[in-house]
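A.B. asks: Sequence and computational prediction follow.
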Amino acid sequence: MTTHTEVLVLGGGSTGCGIVRDLAMRGLDVTLVERGNLTEGTTGRMHGLLHSGGRYAVSDQASAIECIEENEILREIAGHCVEETGGLFVQRPEDSDDYFREKLEGCRECDIPARVLSGREAREVEPYLADDVKRAIEVPDAAVDPFRLCVANAIDAETHGARIETHAEVVDLLRDGDGIHGVKVRHTSGPGKRTHAVAGTTEEITADYVVNATGAWAGQIGDMADLEIAVRPSKGVMTIMNVRQVDTVINRCRPKGDADIIVPHETTAILGTTDEEVSDPDDYPEEQWEVDQMIDTLSELVPILSEARTIRSFWGVRPLYEPPGTGTTDPTDITRDFFLLDHADRDGVSGMSSIVGGKLTTYRAMAEEIADHVCDKLGVRASCATADEPLPGSESIETLEAGMDDFGLRSPVARRSKQRLGSRASEVLDTDAANPVVCQCEGVTRAEIQDAISQSGTDLNAVRIRTRASMGNCQGGFCCQNMSNELHPEYDEETVRAALDELFQERWKGERHALWGEQLSQAMLNYALHATTMNRDRDPASESSDLEYAAFDGGQRAAEPRADGGN
Ligand SMILES: Cc1cc2nc3c(=O)[nH]c(=O)nc-3n(C[C@H](O)[C@H](O)[C@H](O)COP(=O)(O)OP(=O)(O)OC[C@H]3O[C@@H](n4cnc5c(N)ncnc54)[C@H](O)[C@@H]3O)c2cc1C
């Protein structure tokens, strides 16, 4: 099959989703292809910090300025994806006074609102900070939900006529001499409600212009056309704590280092991270020492972390880019800036540009820059509107808050539902049916689960990332089965069981790295619950061979007489 589009975007992370929205809003005919589901790559495996820019205020002021500008824009256009936690750069006794001063000056030079708090004032904001914390700089860091952000961009792009094709892996670039004019994708089947092409089939998508936004995988796309794109993938671990030990983003006020940020995220706190170069973004070791380092080092800032329970750990790979000739050996020194590589100018190959590097915080600016570039190439004059047009569900924070009383939303559950749904809250929560809580840890009600099922069908992982159900303390132990029950009776029993299995396996994947002490007990409890109450370890319904039901009819079987006649 061959199809044609004006612009083809490769990769469905924050960058690709931002680009497809931007171009579709400018009136172009755009298609996005992603090999997995949206956020399958780095975007679904990051720390969740909406940078104020404070982190880069000493080392990289251009990035810092870009961060504060985008931080302010995202609060406006994506209020329902951002939690205004605020942030602190905390100084311990052994951390340098000079660096503290440089950080403060750097913030001021970059127009990042910054205020110094004494140790006592900082502990008033965050009571669990260590007693010996000397002082802190307060900045407008925030927490951001990458899943909702990407989905909102993709929905808006589709509303503006874009085609979003997930589970479509680019397996080759279509190259004619010195020009790229499309790609060949292989379709796989994806879970959920979207209609996918037949699994195993291939499609050639020709395009007037191709944008490679595949992040850490951009080099692999380049290889398909003999283009050298020097991405330097760098892995980082994040460890999720059982509760929210802090309500503010806590940064260590010292020059670059591992394990120096804690981000409060929904009901949890996420500790991170490391920075270690890897050769293959799909295959790298996930090591225990990395997790231990998170807890040991960050407990110096927040001591109760050492006694708290971790619930899972996960790793992501940064799509860092090093311009040719730089030769940096330390990955922490590679710039966090983003780069637009026009392969016509750079390599003499027309029809495609790549966008690499950057941060989730700057995804919209990256999209704007490359969309300007594409429009330039295609002679389109439309300008960018993404900094002003709110994303679906986020017309304004005020709307969100003013609506709090609409449904008697005073309980934490209702407040959180409302925050997750943004301006769609009335549409989803205004139901005559009973609306019990399905996931107790995250306070997700049936109405939200049903709404997510109506969008994504049997893909319970998509339901999870839309609602957060199964992402809390029990990691799905108590709610996976409740979530799958919500698929019945619309879907048949076999489909519901398969969806439950897939969700539970996905939860288990990240728990493996947290199995010690009380977390091990929790995992065993989950296993026992699922094994004993639902026979998930030996479920007759999933056995292929027929059961010998006749054996049950005979009642208790008499013991076989032993050959030796003994007892
Ligand atoms: C440990 C860690 C912590 C981070 N923390 C933060 C933070 O707190 N704040 C912040 O602002 N930034 C953070 N970042 C950076 C941020 O996550 C990334 O810069 C951003 O998510 C990159 O998005 P992307 O769309 O460019 O890449 P990705 O999200 O990786 O998207 C690329 C997509 O391309 C797809 N793809 C690959 N090959 C193919 C193919 N052949 N065909 C089709 N599709 C393909 C992939 O599946 C993937 O979904 C962090 C990164 C890491 C690793």
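C.D. replies: Nice, thanks for sending it over. Numbers count the residues shown, from 1 in each chain.
A.B. asks: Name the nearest residue to the closest residue to the ligand within the chain, ignoring sequence neighbours.
C.D. replies: Here the chain gets closest to the ligand at one residue, G13, 2.1 Å apart by C-beta to the nearest ligand atom. (Glycine included, C-beta is placed from N, CA and C.) The spatial neighbour of G13 that comes closest, neighbours along the chain excluded (C-beta to C-beta, 6 or more residues apart in numbering), is T43 at 3.8 Å.
A.B. asks: can you give me the strands in the stretch 251-400 of the chain?
C.D. replies: Counting by DSSP state E, counting those that start in this stretch, the stretch 251-400 of the chain forms strands over residues 261-265, 268-272, 276-277, 310-321, 338-342, 352-357, given from the N-terminal end onward.
A.B. asks: Look at the residue nearest to G13 and report its pLDDT.
C.D. replies: As summarised for this prediction, T43 has a pLDDT of 97.
A.B. asks: residues in the protein within reach of the ligand, list them.
C.D. replies: The chain comes close to the ligand at residues 10-16, 33-36, 40-43, 46-49, 51, 169-170, 213-217, 236, 273, 316-319, 358-361, as judged by C-beta under 6 Å from any ligand atom.
A.B. asks: and G215, how many neighbours does it have?
C.D. replies: Residue neighbour count, defined by other C-beta atoms under 10 Å, stands at 26 for G215.
A.B. asks: got JSON lines for the strands of the stretch 251-400 of the chain, with mean neighbour count and mean pLDDT too?
C.D. replies: Formatted as JSON lines, the strands of the stretch 251-400 of the chain follow (neighbours: other C-beta atoms under 10 Å; pLDDT from 0 to 100):
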{"stretch": "strand 261-265", "mean neighbour count": "25", "mean pLDDT": "96"}
{"stretch": "strand 268-272", "mean neighbour count": "26", "mean pLDDT": "95"}
{"stretch": "strand 276-277", "mean neighbour count": "19", "mean pLDDT": "93"}
{"stretch": "strand 310-321", "mean neighbour count": "24", "mean pLDDT": "93"}
{"stretch": "strand 338-342", "mean neighbour count": "18", "mean pLDDT": "96"}
{"stretch": "strand 352-357", "mean neighbour count": "26", "mean pLDDT": "96"}
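A.B. asks: Among those, single out whichever gets nearest to F504.
C.D. replies: Proximity to F504, assessed across those by C-beta to C-beta, is greatest for strand 310-321 (13.4 Å).
A.B. asks: quick one: low-confidence parts of the stretch 451-567 of the chain?
C.D. replies: Scanning the stretch 451-567 of the chain for pLDDT under 70 picks out the ranges 535-567.
A.B. asks: hmm, back to that, what sits against the residue of the chain closest to the ligand?
C.D. replies: With contacts defined as C-beta atoms under 8 Å, 6 or more residues apart in numbering, G13 is in contact with 38-44, 150, 213-215.
A.B. asks: now with 7 Å?
C.D. replies: Applying C-beta atoms under 7 Å, 6 or more residues apart in numbering, we find G13 in contact with 39, 41-43, 215.
A.B. asks: go on, I68?
C.D. replies: Counting by C-beta under 7 Å, 6+ apart, I68 makes contact with 52-53, 110-112.
A.B. asks: ok, the nearest residue to G27 once chain neighbours are set aside to T267 distance?
C.D. replies: The spatially closest residue to G27, leaving aside those adjacent along the chain, is A382, at 5.5 Å (C-beta to C-beta, 6+ apart). Separation of A382 from T267 (C-beta to C-beta, to the nearest Å): 42 Å.
A.B. asks: between those two, who's got more neighbours?
C.D. replies: Per other C-beta under 10 Å, whichever of A382 and T267 has more neighbours is T267, with 19 against 14.
A.B. asks: Hmm, S456 is touching A462, no?
C.D. replies: Yes. Because the distance of 3.6 Å satisfies C-beta atoms under 7 Å, S456 is recorded as touching A462.
A.B. asks: quick one: common contacting residues for these two?
C.D. replies: Taking C-beta under 7 Å, 6+ apart as the contact rule, the neighbours common to S456 and A462 are G192.
A.B. asks: Check which element follows the helix or strand of the chain with the lowest mean pLDDT along the chain.
C.D. replies: Taking mean pLDDT, DSSP states H and E as the measure, the chain has helix 397-402 as its least confident helix or strand, at a mean of 51. From helix 397-402 onward toward the C-terminus, using DSSP states H and E, the following helix or strand is helix 412-421.
A.B. asks: For that next one, buried residues please.
C.D. replies: Within helix 412-421, the residues that count as buried by 16 or more other C-beta atoms under 10 Å are 413-414, 416-421.
A.B. asks: Stretch 500-514 now?
C.D. replies: 500-504, 507-508, 510-511, 513-514.
A.B. asks: In helices, which of these fall?
C.D. replies: Judged by DSSP state H, the subset of the buried residues of stretch 500-514 located in helices is 500-504, 507-508, 510-511.
A.B. asks: is it true that L305 touches Q245?
C.D. replies: Yes. The pair L305 and Q245 passes the contact test of C-beta under 7 Å, sitting 6.1 Å apart.
A.B. asks: picking that back up, name the SS class of the residue nearest to G13, please.
C.D. replies: When states are read from DSSP: H, G, I helix; E, B strand; the rest coil, the local structure at T43 comes out as helix.
A.B. asks: Please verify my assumption that it contacts P146.
C.D. replies: Yes. Taking C-beta under 7 Å as the contact criterion, T43 and P146 are neighbours in contact, 5.0 Å apart.
A.B. asks: anything in contact with each of these two?
C.D. replies: The overlap between the contact sets of T43 and P146 (C-beta under 7 Å, 6+ apart) consists of 14, 360.
A.B. asks: residues near D376, how many?
C.D. replies: Counted with other C-beta under 10 Å, D376 comes out at 11.
A.B. asks: quick one, what contacts W289?
C.D. replies: W289 sits in contact with no residue, where contact means C-beta under 7 Å, 6+ apart.
A.B. asks: roughly how far apart are it and S189?
C.D. replies: Counting by C-beta to C-beta, the gap from W289 to S189 is 38 Å.
A.B. asks: Over to A122?
C.D. replies: Applying C-beta to C-beta to A122 and S189 gives a distance of 51 Å.
A.B. asks: Can you give me the buried ones in stretch 469-478?
C.D. replies: Residues of stretch 469-478 classed as buried by neighbour count (16+ other C-beta under 10 Å): 469-478.
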